[in-house]
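Give me a 3D structure for the following:
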Amino acid sequence: MKGKVIGLAIGERRGESKKPVSSAEFKAGFGIIGDAHAGTYKQVSLMDEDLAREIFQKHNVLGKPGDFADNVRVDGISLARVKVGDTIKLGQHVTLKVVQIGKVLGPDHTFNFHGQVPLAEKGIFATVETGGQVQVGDSVEIIPG
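Take a look at the predicted model:
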């Protein structure tokens, strides 16, 4: 089953929403060029569009990819079935290794979008295994680990 990248976003600082971009350069062992999480353990964050839609409708807000501090927004494929160790292929060449699902929020964590922090519960965090360029509209495939 394949889905599609419907949004890409990068942020210069941690703890803020990210700005949408039409394409991004993924560097193996590093992350997304220009993003504040590059070089960390959680290099790339991914979010399912179904989850975003659910939050937008429930709270009657409008939003876009990056509002939840997500780097990659996908549609047409459920990230709910992803497990640590799985590979996510973006486009023709980029591969990500899932290293964490969700995250613990520390006492100094203040970022949220209208009070919502979905990456804390259901966010997918990955490292870049194979780098390259990814564009909005590229395919997404989950390869079980």
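
quick one: the residue nearest to Ile77 when sequence neighbours are not counted from Asp138, how far?
Excluding the flanking residues, the one nearest Ile77 by C-beta to C-beta, 6 or more residues apart in numbering is Gly3, at 2.8 Å. For glycine as for every other residue, the C-beta is placed from the backbone atoms N, C-alpha and C. Using C-beta to C-beta, to the nearest Å, Gly3 is found at 10 Å from Asp138.

and the helix or strand where Thr127 lies, how far from the chain's centre?
With secondary structure defined by DSSP states H and E, Thr127 is part of strand 124-130. The chain centre lies 10 Å from the centre of strand 124-130; the measure is C-alpha atoms, centre = their mean, to the nearest Å.

Name the strands paired with that strand and say parallel or antiparallel.
Its sheet considered, strand 124-130 pairs with strand 44-48 (antiparallel), strand 94-101 (antiparallel) by DSSP bridges.

Downstream of the first one, the next helix or strand is which one?
Per DSSP H and E, the first helix or strand lying C-terminal to strand 44-48 is helix 49-59.

which parts of that following helix are buried?
Judged by neighbour count (16 or more other C-beta atoms under 10 Å), helix 49-59 contains these buried residues: 49, 51-52, 55-56.

what about the strands in this protein?
Ranges of strands in the chain, per DSSP state E, are 2-10, 19-21, 23-27, 31-32, 44-48, 72-75, 87-90, 94-101, 124-130, 132-135, 139-143.

Give me the pLDDT value at the residue nearest the centre of the chain.
Centroid-nearest residue in the chain: Leu46, 1.9 Å away (criterion: C-alpha atoms, centre = their mean). Per-residue pLDDT puts Leu46 at 92.

That one reaches Val74, doesn't it?
Yes - with contact defined as C-beta atoms under 8 Å, Leu46 and Val74 form a contacting pair (6.4 Å).

hmm, back to that, please report the distance of the residue nearest to Ile77 from Gly131.
With distances taken as C-beta to C-beta, Gly3 is found 21 Å from Gly131.

what ranges of the protein fall below the confidence cut-off?
For the chain, the stretches flagged by pLDDT under 70 are 1, 15, 56, 103-122.
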